[in-house]
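Asker: okay, predicted coordinates and the sequence, questions at the end:
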Amino acid sequence: MLSRARASNAFLAVLVAALVALGATASGQSLKVPFAALSPTYAPLWIAEQAGYFKKYGLDVQAIYISAGSVIVPALLSGQVEIANMSSAPALTAWARGAELVAVGVTSNRLLHVVMTRAPIKRPEELRGKKLASDRYGSLSDVVLRDTLRHFNLLPDRDVAIIQAGGLPERLGAIKAGAVDGAILSGETMLQAEKLGYHLFADVSRLPIQYPGSTIVVTRAVLQGKREMLKRFLRGWIEGIKSARTDKELTVAVLQRFLKTADREILDRLFDIYKDVSEKVPAPDAKVMGVALKQLAATVPQAGQLKVDDFIDRSVIGELESEGFIAKLYGGR
């Protein structure tokens, strides 16, 4: 009886500690890290958690799915979470409006989104009057979809209705249900839509649209006050990137767990598509982030007066690179 009581008390203590950690880390060792989409671009975070890379560097990291960066930003600013893995778009928008946010890492500078439609669209003007599903307003998917429409001389919300359907599974579900005429998709949902026979209207990777993808974002206070903890986190995350590039079986197993699909054909294709997308040295690229800032100025005028170097910080990953950590991961190459 006594041992059961002790076990019960121990369980309750762990549970309480976990709940408390959602609002504040325990001595900087336990971290809840939200990620913004069920997309393979977040695989390095998932792998680092599942393979124990974070634990190797003294951190107990739990990756938590929150389906939009616009929801993650307030959690960062309030201190509920200290590190987030999200698209750059909502973080950049919040920073342009005065939020003390910093991008310290970027998994990829390539966009692998597509716009799929239920019926074949042979000419852009055939999209007029149609409805396309996207994520929340201000998310990367939303920004990219709007830029894609403008590329084809279509005005978002006037020529084409944009429906905030939610995350990737919800968007694909909206197409299947007939609630929308198409959607912006990526990763597994893109391949599922292809299998279902939906039409590829636009491959964004072939358009002159650039946005930094999966980004590690912190507040400036965390960068300055908890730099060593952040450096340990980035070690684990970068090791996750290395595995996402080189370890197919581990990556496929983790993708299967998070994407909840056992379709080996889709999993194999996802590995092949995304393995070369992640950067070996994932420091933010000022040029690419500058393009995103310039595009943001169309909707947030004050962004045009800002310098992108004030939003990015390459110093922590720069230290890891100069210390030989990244080269050692790749066998000195």
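Answerer: Happy to help now that I have it.
Asker: my understanding was that Ser205 contacts Ser108; is that so?
Answerer: No. At 10.9 Å, Ser205 does not count as touching Ser108 under the criterion of C-beta atoms under 8 Å. C-beta: built from backbone N, CA, C; applies to glycine.
Asker: neighbour count for these two, which is higher?
Answerer: Using other C-beta atoms under 10 Å as the criterion, Ser205 and Ser108 rank with Ser108 on top: 22 against 14.
Asker: would you map the helices across the stretch 201-333 of the chain?
Answerer: Along the stretch 201-333 of the chain, the stretches classed as helices by DSSP state H, counting those that start in this stretch are 220-225, 227-246, 248-259, 264-274, 286-296, 315-322, 325-329.
Asker: what's the domain layout of the protein?
Answerer: The chain breaks down by automatic domain parsing into domains covering 2-109+211-329, 114-206.
Asker: comparing these, which yields the minimum mean pLDDT?
Answerer: Mean pLDDT is lowest for domain 2-109+211-329 among the domains of the chain, at a mean of 87.
Asker: for that domain, what is the distance to the chain centroid?
Answerer: In this view, domain 2-109+211-329 has its centroid 8 Å away from the chain centroid, taken as C-alpha atoms, centre = their mean, to the nearest Å.
Asker: separation between Arg245 and Ile326?
Answerer: To Ile326, Arg245 is 12 Å away according to C-beta to C-beta, to the nearest Å.
Asker: which neighbours do those two share?
Answerer: Residues touching both Arg245 and Ile326 (C-beta atoms under 8 Å, 6 or more residues apart in numbering) are Lys280.
Asker: so Leu259 touches Glu188, yeah?
Answerer: Yes. Between Leu259 and Glu188 there is a contact under C-beta under 8 Å: 4.8 Å.
Asker: joint contacts of those two?
Answerer: Here Leu259 and Glu188 have Leu38, Pro40, Leu270 as joint contacts, going by C-beta under 8 Å, 6+ apart.
Asker: got the residue ranges for the helices in the stretch 1-150 of the chain?
Answerer: Under DSSP H, counting those that start in this stretch, the stretch 1-150 of the chain gives helices at 2-21, 43-50, 53-56, 69-78, 88-96, 140-151.
Asker: Phe201 against Gly182, yeah?
Answerer: Yes. Applying C-beta under 8 Å, one finds Phe201 in contact with Gly182, separated by 6.5 Å.
Asker: who's more crowded, the two?
Answerer: Per other C-beta under 10 Å, whichever of Phe201 and Gly182 has more neighbours is Gly182, with 27 against 22.
Asker: what are the phi and psi values for the more buried one?
Answerer: Dihedral angles of Gly182 (phi, psi; degrees, to the nearest 10) stand at phi -180, psi -180.
Asker: show me what contacts it?
Answerer: Gly182 makes contacts with 115-118, 121, 127, 130-133, 175, 198-199, 201, as judged by C-beta under 8 Å, 6+ apart.
Asker: restricted to buried residues, select the residues you listed in PyMOL.
Answerer: Remark: buried members of the contacts of Gly182, expressed as a PyMOL selection using 16 or more other C-beta atoms under 10 Å:
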select buried, resi 115+116+117+118+121+127+130+131+132+133+175+198+201
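Asker: looking at the contacts of Gly182, which one is closest to Val308?
Answerer: The nearest member of the contacts of Gly182 to Val308, counting by C-beta to C-beta, is Val115 at 27.3 Å.
Asker: so that closest one touches Ser186, yeah?
Answerer: No. With contact defined as C-beta under 8 Å, Val115 does not reach Ser186; the gap is 10.5 Å.
Asker: hang on, the earlier thing: got the helices of the stretch 201-333 of the chain as CSV, with distance to Gly304 and mean neighbour count columns?
Answerer: Below are these laid out as CSV (distance: least, C-beta to C-beta, whole Å; neighbours: other C-beta atoms under 10 Å):
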stretch, distance to Gly304, mean neighbour count
helix 220-225, 22, 15
helix 227-246, 30, 22
helix 248-259, 38, 18
helix 264-274, 33, 17
helix 286-296, 7, 19
helix 315-322, 26, 16
helix 325-329, 34, 16
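Asker: out of those, which gets nearest to Asn85?
Answerer: Closest of the helices of the stretch 201-333 of the chain to Asn85 is helix 227-246, at 7.9 Å (criterion: C-beta to C-beta).
Asker: for Ser315, what are its contacts?
Answerer: Here Ser315 is in contact with no residues (criterion: C-beta under 8 Å, 6+ apart).
Asker: cutoff 10 Å now
Answerer: Taking C-beta atoms under 10 Å, 6 or more residues apart in numbering, we find Ser315 in contact with Val104, Leu223, Arg227, Lys231, Ala283.
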